[in-house]
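1. Here's my sequence, what's the structure:
(one chain, ligands or ions: 1)
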Amino acid sequence: MPHHTRPLLLLDVDGPLSPYTAEPDGRPEGYRPYEVMPAFWRARHRGRPDGEVPPLRLWLDPSHGPALRALPFDLVWCTAWRGEADAWIGPLLGLPPLPSVDWPRMHQGDPDGLHWKTRHLTAWAAGRPFAWVDDEVEPQDTAWIAAHHPAPAMTLWVDHRFGLRAADFAALTAWAGSLTA
Ligand SMILES: [Mg+2]
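-> As a prediction, the model looks like this:
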């Protein structure tokens, strides 16, 4: 596929890459523990001296970076980490700097019960085909996107106990293939 026609892959961090509800004693296969200190995490501990802020601990699977880069998509961070994913997540997975959806606000309520990301990421995609990978996407989000986005779109729910799995990569590949079939 020529580069400019590739669909976007709008990628969440907490859930798909970081299985934050995995059992503490049951780290999923392939994951390794990491400690990071993004600015939003330091801000949550405002008032504590820098040296006393505990690191944010998370598990990541380093094989996800190469697997994501091999997909026929243009990768985009679509996460409450905003551009900080470039500094703290991308390098651990071997991902290059990526564009990120920058939110005017986050975690707000929605009159139609949509996820706080749904309307903004759809506008951000500006008519390009996209797949949105998130542990919080729900059927009403999928329906809204189908009704309001002028290009093909796929939503892929990922279980935050496990993170992205082989079947998810297969589904993304199959969907991208269906665009050019
Ligand atoms: Mg998430």
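
2. Contact partners for the residue of the chain found nearest the ion?
-> At 3.5 Å from the ion, residue 15 is the closest residue in the chain, using C-beta to the ion. Every residue, glycine included, has its C-beta placed from N, CA and C. The neighbours of residue 15, taking C-beta atoms under 8 Å, 6 or more residues apart in numbering as the test, are 134-136, 158-160, 163.

3. Look at residue 80 and give its secondary structure.
-> Counting by DSSP: H, G, I helix; E, B strand; the rest coil, the backbone at residue 80 sits in coil.

4. State the pLDDT value of the residue nearest to it when sequence neighbours are not counted.
-> Closest residue in space to residue 80, ignoring its immediate chain neighbours: residue 106 at 5.6 Å, by C-beta to C-beta, 6 or more residues apart in numbering. The predicted structure scores residue 106 at 95 on the pLDDT scale.

5. Spell out which helix or strand contains residue 27, please.
-> Mapping residue 27 onto the secondary structure by DSSP states H and E places it in no helix or strand at all.

6. ok, it - how many residues close by?
-> Taking other C-beta atoms under 10 Å as the neighbour definition, residue 27 ends up with a count of 14.

7. Any idea what residue 36 is bridged to?
-> With DSSP bridges as the criterion, the beta-bridge partners of residue 36 are residue 56.

8. Roughly how far does the closest residue to the residue of the chain closest to the ion other than its chain neighbours sit from residue 146?
-> In space, and not counting its chain neighbours, residue 15 is closest to residue 135: 2.7 Å by C-beta to C-beta, 6+ apart. Distance, residue 135 to residue 146, by C-beta to C-beta, to the nearest Å: 20 Å.

9. Looking at the contacts of residue 15, which are in strands?
-> With DSSP state E as the criterion, strands contain residue 134 from among these.

10. just the buried members of the contacts of residue 15?
-> 134-135, 158, 160, 163 (16 or more other C-beta atoms under 10 Å).

11. rewinding a little: could you pick out which of the contacts of residue 15 are near the ion?
-> residue 135 (C-beta under 5 Å from the ion).

12. Just name the closest of the contacts of residue 15 to residue 110, please.
-> residue 136 (12.2 Å; C-beta to C-beta).

13. Counting residues, which helix of this protein comes out longest?
-> Longest helix in the chain by number of residues, with DSSP state H as the criterion: helix 166-180.

14. Which helix or strand in this structure has the lowest average pLDDT?
-> For the chain, counting by mean pLDDT, DSSP states H and E, helix 39-44 ranks last in confidence among helices and strands (a mean of 92).

15. Just the CA trace of that helix, in CSV.
-> Below are the C-alpha coordinates for helix 39-44, written out as CSV (Å, rounded to 0.1, in the frame of the first residue of the first chain):
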residue,chain,number,x,y,z
ALA,A,39,5.0,14.5,34.0
PHE,A,40,1.4,13.6,34.6
TRP,A,41,2.5,11.1,37.2
ARG,A,42,4.7,13.6,39.0
ALA,A,43,1.8,16.1,38.9
ARG,A,44,-0.4,13.5,40.7
